[in-house]
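Trainee: Attaching a predicted model along with its sequence, questions to come.
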Amino acid sequence: MTTNTDIAVHIEGMSKAYGSFIALKDINLTVKRGERIVICGPSGSGKSTMIRCINRLEEHQAGKITVLGTELNDDLSNIDEIRREVGMVFQHFNLFPHMTVLENCILAPMLVRKTSRADAEAMARKYLEKVKIPEQVGKFPGQLSGGQQQRVAIARSLCMQPDILLFDEPTSALDPEMISEVLDVMVNLASEGMTMLCVTHEMGFARQVADRVIFMAEGEIVEEGAPEEFFNAPKNDRTKQFLSQVIGH
Ligand code: ADP
Ligand code: MG
């Protein structure tokens, strides 16, 4: 993107309702470029809704969201611009089932970035190598394990060369033995300076890579802090209760 702002995401006084149900209340969050944020909290607390608002998969009703210097409003060109720079990895991978791994990876760069097929394929092979599945390039998603599919989904996101990556419980749908192969890829991305907002309950990952951990409950950010402080000295009772359930404190 053309702006050189140091702020990746700025959310100010943001609220979001589904009909009369208020899913997010007065969210304030600033994420600098290169920061790694882990978002946790009980089911239904608004984690998915919050990160989905950042690339306008959901529309907020009040407050302001600015991504890489561009405000998300009704201007469709702003939305397109932001979506080009913000990748998203979902719990259920969301690969195109009728396309091969390679085709999944080259589609958006060719359509959206107007990359040539040869360049898009070269980039796809590079990122499939990075997520350690270059040999799966000709397969269909249904022929891969969950862990492999999620790594393809990450490679597909990387092919758009995003400035920011959003992850919504990327390991929650995986069999336990496949979780670490996906987390390893995420740890790698973090070490290379990718700006990441990850909804996850993998607290080992949070301790290892997060600059900040955010705890949400009932549509609000209840507490946030560096992992050391967040895990060792949580302040809010709801955070304490959540941590005791998740990691048995
Ligand atoms: P989390 O990701 O923390 O589990 P969500 O952001 O998915 O929570 O959901 C927050 C709340 O908003 C939940 O109560 C959920 O039922 C509600 N919600 C989410 N999506 C919709 C929707 N499309 N329509 C109505 N309610 C929704
Ligand atoms: Mg969710």
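Mentor: The structure has been received and is ready for your questions. Residues are numbered from 1 along each chain as shown. Ligands and ions are numbered 1, 2, ... in the order given.

Trainee: Could you pull up the residues touching the nearest residue to Glu181 once chain neighbours are set aside?
Mentor: Excluding the flanking residues, the one nearest Glu181 by Cβ to Cβ, 6 or more residues apart in numbering is Gly147, at 4.7 Å. In this view, the C-beta of every residue, glycine as well, is placed from N, C-alpha and C. Shown in contact with Gly147 (Cβ atoms under 8 Å, 6 or more residues apart in numbering): 174-175, 177-179, 181-182.

Trainee: how much space is there between Gly147 and Phe93?
Mentor: Separation of Gly147 from Phe93 (Cβ to Cβ, to the nearest Å): 10 Å.

Trainee: Show me which positions of the helix or strand where Ser244 lies end up buried.
Mentor: Using DSSP states H and E, Ser244 maps to helix 237-247. For helix 237-247, the neighbour count (16 or more other Cβ atoms under 10 Å) marks 238-239, 242-243 as buried.

Trainee: Check stretch 217-232 too.
Mentor: Residues of stretch 217-232 classed as buried: 217, 219-225, 227, 230-231 (neighbour count, 16+ other Cβ under 10 Å).

Trainee: who's in contact with that stretch?
Mentor: With Cβ under 8 Å, 6+ apart as the test, stretch 217-232 has contacts from 22-29, 38, 41-42, 45-46, 203, 206-207, 210-216, 234-236, 238-239, 242-243, 247.

Trainee: So what pairs up with the spatially most central residue of the chain in the strands?
Mentor: Taking Cα atoms, centre = their mean, the centroid of the chain lies closest to Leu166, which sits 1.5 Å from it. Beta bridges link Leu166 to Met88, Leu197 when assigned by DSSP bridges.

Trainee: could you give the mean pLDDT of the helix or strand that contains the residue nearest to Glu181?
Mentor: Using DSSP H and E, Gly147 falls within helix 146-158. Here helix 146-158 scores 98 as its mean pLDDT.

Trainee: In CSV, list the C-alpha atoms belonging to that helix.
Mentor: Extracted C-alpha coordinates of helix 146-158, given in CSV (Å, rounded to 0.1, in the frame of the first residue of the first chain):
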residue,chain,number,x,y,z
GLY,A,146,-6.7,-30.7,7.8
GLY,A,147,-3.2,-29.5,8.8
GLN,A,148,-2.1,-29.5,5.1
GLN,A,149,-5.3,-27.7,4.0
GLN,A,150,-4.7,-25.0,6.6
ARG,A,151,-1.1,-24.6,5.5
VAL,A,152,-2.3,-24.2,1.9
ALA,A,153,-4.8,-21.6,3.2
ILE,A,154,-1.9,-19.7,4.8
ALA,A,155,0.2,-20.0,1.6
ARG,A,156,-2.7,-18.7,-0.4
SER,A,157,-3.0,-15.7,1.8
LEU,A,158,0.8,-15.0,1.6
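
Trainee: mind checking how far that helix is from the chain centre?
Mentor: Between the centre of helix 146-158 and the centre of its chain there are 13 Å (Cα atoms, centre = their mean, to the nearest Å).

Trainee: same check, this time on stretch 125-137
Mentor: For stretch 125-137, the distance to the chain centre is 20 Å (Cα atoms, centre = their mean).

Trainee: give me the low-pLDDT residue ranges for the chain?
Mentor: Applying pLDDT under 70 to the chain flags residues 1-4, 248-249.

Trainee: hey, where'd the helices end up in it?
Mentor: Secondary structure of the chain (DSSP state H): helices at 47-54, 76-85, 101-112, 117-130, 146-158, 176-191, 203-209, 227-232, 237-247.

Trainee: Around ligand 1, which positions in this protein sit nearby?
Mentor: 18, 21, 23, 41, 43-49 (Cβ under 6 Å from any ligand atom).

Trainee: Just the buried ones from these?
Mentor: Taking 16+ other Cβ under 10 Å as the criterion, what is buried in these is 23, 41, 45-49.
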